[in-house]
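Peer 1: got a predicted model here, sequence first, then my questions.
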Amino acid sequence: MIRLIRCVALALTLMPATGGAQDYDVGLAAAEAGDFATALREWMPLAEQGNALAQGNLGVMYSNGQGVPQDYAVAVKWYRMAADQGNALAQGDLGYMYDKGQGVQQDDVEAVKWYRMAADQGNARAQSNLGYMYGTGQGVPQDDVEAIKWYRLSAEQGFALSQENLGIMYNFGHGVPQDYAEAVKWYRLSAEQGYAQAQFSLGNMYDFGQGVPQDYAEAIKWYRLAADQGDADAQYNLGQMYSNGRGVPQDFISAHMWFNIAAANGAERGPGSRADVAAKMSPADISEAQRRANVCILSNYLDCG
């Protein structure tokens with residue numbers, strides 16, 4: 001089953017102002033240092049005077065509750081002011097607000113409108129989101145070829161999420177001929193940026209020898225990188241590798257640990273696989289596996305053996 005991923009993160013427009021807007025740069029330095037109260041004090045007058053960068057950043061601050069109470073309606077107000085001046089980042093963020101129904105009534109068609117304005121200006125995040133809308137048929141007729149077009153434009157700018165989605169399209173042959181080698185190429189570009197879903201996908205390709213020679217050790221490497229970021233599917237697959245002795249010596253304690261962690265993170269097959277491996281273990285080994293799972297989770301995956 002194809003599982004396209006949508007970008008959801010909003011970020012401050014951390015760009016130096018043009019035209020010597022000194023107060024903007026003071027706010028910028030403050031925001032970069034996490035001092036949003038100072039950023040707000042510097043940017044609010046500029047935003048009220050029509051500075052699009054300041055308006056867009058106020059939108060993000062109200063969206064995220066940074067230095068101000070979270071208020072989506074106020075965020076939309078500032079995004080719209082900047083977007084109406086042609087600011088691509090604000091256009092993309094306004095599209096997101098319509099997409100998610102935050103501060104406005106949810107409206108896929110309106111979301112596509114604003115994503116497209118930003119995408120046409122080369123904004124990689126908006127291109128990614130527009131690709132997702134075409135890939136899923138939200139606000140536009142479903143069109144894998146058009147989705148590929150926008151994912152590629154975004155991916156070629158180095159946008160990790162689009163690289164992952166482009167890998168998915170090649171992996172499953174949606175909008176392009178199925179091509180595992182091309183899928184691996186895009187998964188790797190995304191995975192090397194630290195994107196957990198791509199790391200999991202690349203691990204899968206090595207696990208099953210799709211687009212690359214089968215290599216269980218390499219599969220485990222990428223599964224582990226994703227698992228350490230909390231990816232439940234990667235955690236489950238690590239359990240399978242240890243349970244079956246693929247790429248590692250067979251180790252039921254480690255298998256139980258990873259199945260347990262995956263189950264805690266919502267992996268549907270986790271509880272059943274944990275029970276299966278527990279049937280082959282002593283009570284002492286089960287207790288040790290549970291202890292390791294608790295340590296791993298409490299350490300935020302920094303101490304998982």
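Peer 2: Everything's here; your move. Numbering: from 1, shown residues only.
Peer 1: count of neighbours near A232?
Peer 2: Using other Cβ atoms under 10 Å, A232 has 19 other residues around it. For every residue, glycine as well, the C-beta is placed using N, CA and C.
Peer 1: need the nearest residue in space to it, chain neighbours excluded.
Peer 2: Ranked by Cβ to Cβ, 6 or more residues apart in numbering and with sequence neighbours excluded, the top spatial neighbour of A232 is N265, at 3.8 Å.
Peer 1: go on, K185?
Peer 2: Nearest to K185 is G167, by Cβ to Cβ, 6+ apart, at 7.6 Å.
Peer 1: contacts only, for the one you found.
Peer 2: E182, A183, V184, K185, W186, Y187, S190, A198, S201 (Cβ atoms under 8 Å, 6 or more residues apart in numbering).
Peer 1: do you know how far the residue nearest to A232 is from D35?
Peer 2: 35 Å (Cβ to Cβ, to the nearest Å).
Peer 1: other SSEs contacting the helix or strand that contains W150?
Peer 2: Here W150 sits within helix 144-155, counting by DSSP states H and E. Judged by 3 or more Cβ pairs under 8 Å, 6 or more residues apart in numbering; DSSP states H and E, helix 144-155 is in contact with helix 124-136, helix 160-172.
Peer 1: can you do 10 Å?
Peer 2: Applying 3 or more Cβ pairs under 10 Å, 6 or more residues apart in numbering; DSSP states H and E, one finds that helix 144-155 contacts helix 108-120, helix 124-136, helix 160-172, helix 180-191.
Peer 1: with distance to P69 and mean pLDDT as added columns, please give those helices in JSON lines.
Peer 2: Shown next, in JSON lines, are the helices and strands packed on helix 144-155 (distance: least, Cβ to Cβ, whole Å; pLDDT from 0 to 100):
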{"stretch": "helix 108-120", "distance to P69": "25", "mean pLDDT": "98"}
{"stretch": "helix 124-136", "distance to P69": "25", "mean pLDDT": "96"}
{"stretch": "helix 160-172", "distance to P69": "29", "mean pLDDT": "97"}
{"stretch": "helix 180-191", "distance to P69": "35", "mean pLDDT": "98"}
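Peer 1: nearest to D71 among these would be which one?
Peer 2: Checking these against D71 by Cβ to Cβ gives helix 108-120 as the closest, at 19.5 Å.
Peer 1: ramachandran coordinates for R246?
Peer 2: For R246, the backbone dihedrals (degrees, to the nearest 10) come out as phi -100, psi 110.
Peer 1: contacting residues for it?
Peer 2: The contact partners of R246, by Cβ atoms under 10 Å, 6 or more residues apart in numbering, come to D207, Q214, Y216, A217, A219, I220, N237, Q240.
Peer 1: so what's it scoring on pLDDT?
Peer 2: In this prediction, R246 carries a pLDDT score of 96.
Peer 1: and what of V8?
Peer 2: At V8, the pLDDT value in this model is 51.
Peer 1: before we move on, what about V68?
Peer 2: With respect to pLDDT, V68 scores 96.
Peer 1: burial count for it?
Peer 2: By other Cβ under 10 Å, the residues close to V68 number 17.
Peer 1: that concludes my questions; thank you for your assistance.
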